[in-house]
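# Here is a sequence with its predicted model. Questions after.
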Amino acid sequence: MKALVTGASSGIGKDIARYLASKNVDLVLVARRENALLELKQELDSKVNVTVYPCDLKDLEKTKSLASTFNDVDILINNAGFGDAGEFINTSLEKELDMVDVNIKAMHVLFKTFLEQFVKNNKTAYVLNVASLAAFQAGPKMATYYASKAYVLHLSEAVAYELKKRKLPIHVTCLCPGPVATEFNKVANVKFHLKEISSKKVAKLAIDKMFKKKLIVIPGFKGKAAIFFERFVSRKMTNRIICKAQDKKIGSN
Ligand SMILES: NC(=O)c1ccc[n+]([C@@H]2O[C@H](COP(=O)([O-])OP(=O)(O)OC[C@H]3O[C@@H](n4cnc5c(N)ncnc54)[C@H](OP(=O)(O)O)[C@@H]3O)[C@@H](O)[C@H]2O)c1
């Protein structure tokens, strides 16, 4: 099998690539930092075939061409993404538009173009879209990020339903982690106050569940409990709780 992993230069994507390599899956590694991808290729080269493809996913024309360039891929890991914190009236419009390009548009383009390819080639295939616990509610003081991840979750769920209804052998999984120890904090300008899970653990769980064809994967008991109990709390109260949590994250940075 062969997987294309976006955001493979660090964090969850890097550990997903490592775990897939341990399962003898060949890899196409995509991110902007070529050196980090080459380092990972060097680490994994003795186990599997690794292709490094430096790419800024904001370049949607280049992103559109990935499915036809790598038409022998059977696993798409749509992982690249980032966040930003602060009040919507103060945050950077440019950074937010970049976030929409990477978290939403590039994810959408890859999801669609690879699915088209999988259907055309009539092959069994897997897609893992990385959303977040943030996908389940609005996120005051991290509004764009939370909204972008809601898009990933809802698109994944709807498309997975359509594929299943048509009995196509293509399986979609949406990973929804809470805080994970990666470079995410630095890029988003926040500091988590909850205990972070290791990206290695999250990567293993996500891939194991993907191969078991699970639709939504929430790592850790606390994450699952939060989503379960959220249904008994009003949206107004949820907004208040999330806003307080963001204040803590931003305040201590
Ligand atoms: N860490 C958490 O707490 C957490 C929680 C829930 C969900 N997530 C999600 O998990 C995913 C992975 O994040 P992470 O936590 O592993 O953070 P990370 O360590 O910062 O990794 C983000 C990855 O995305 C890539 N990326 C960002 N912008 C890109 C662009 N324009 N073009 C190509 N690649 C780009 C980065 O590569 P380059 O910089 O080399 O381009 C990097 O490899 C994200 O979608 C994030 O939203 C993270």
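Structure's in. What do you need?

# Now do the strands in the stretch 1-150 of the chain.
2-6, 26-31, 50-54, 75-78, 125-130 (DSSP state E, counting those that start in this stretch).

# if I read this right, F136 contacts I227, doesn't it?
Yes - the criterion here is CB atoms under 8 Å, and F136 meets it with I227 at 5.5 Å. Heads up, the C-betas are built off the backbone N, CA and C, glycines and all.

# residues bridging contact with these two, i.e. touching both?
Shared contacts of F136 and I227 (CB atoms under 8 Å, 6 or more residues apart in numbering): C176.

# Between those two, tell me which one has more neighbours.
Using other CB atoms under 10 Å as the criterion, F136 and I227 rank with F136 on top: 21 against 17.

# got the CA positions of the longest helix along the chain in CSV?
Determined from DSSP state H, the single longest helix within the chain is helix 143-165. C-alpha atoms of helix 143-165 as CSV (Å, rounded to 0.1, in the frame of the first residue of the first chain):
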residue,chain,number,x,y,z
ALA,A,143,-13.3,31.3,16.1
THR,A,144,-11.8,30.6,12.7
TYR,A,145,-9.9,27.5,13.8
TYR,A,146,-13.0,25.9,15.4
ALA,A,147,-15.1,26.8,12.4
SER,A,148,-12.5,25.3,10.0
LYS,A,149,-12.5,22.0,12.0
ALA,A,150,-16.3,21.8,12.0
TYR,A,151,-16.1,21.9,8.2
VAL,A,152,-13.7,19.0,8.2
LEU,A,153,-15.8,16.9,10.5
HIS,A,154,-19.1,17.6,8.8
LEU,A,155,-17.7,17.1,5.3
SER,A,156,-16.1,13.8,6.4
GLU,A,157,-19.3,12.5,7.9
ALA,A,158,-21.5,13.4,5.0
VAL,A,159,-19.1,12.0,2.3
ALA,A,160,-18.5,8.8,4.4
TYR,A,161,-22.3,8.3,4.4
GLU,A,162,-22.6,8.7,0.6
LEU,A,163,-19.7,6.3,-0.1
LYS,A,164,-21.2,3.7,2.3
LYS,A,165,-24.6,4.1,0.7
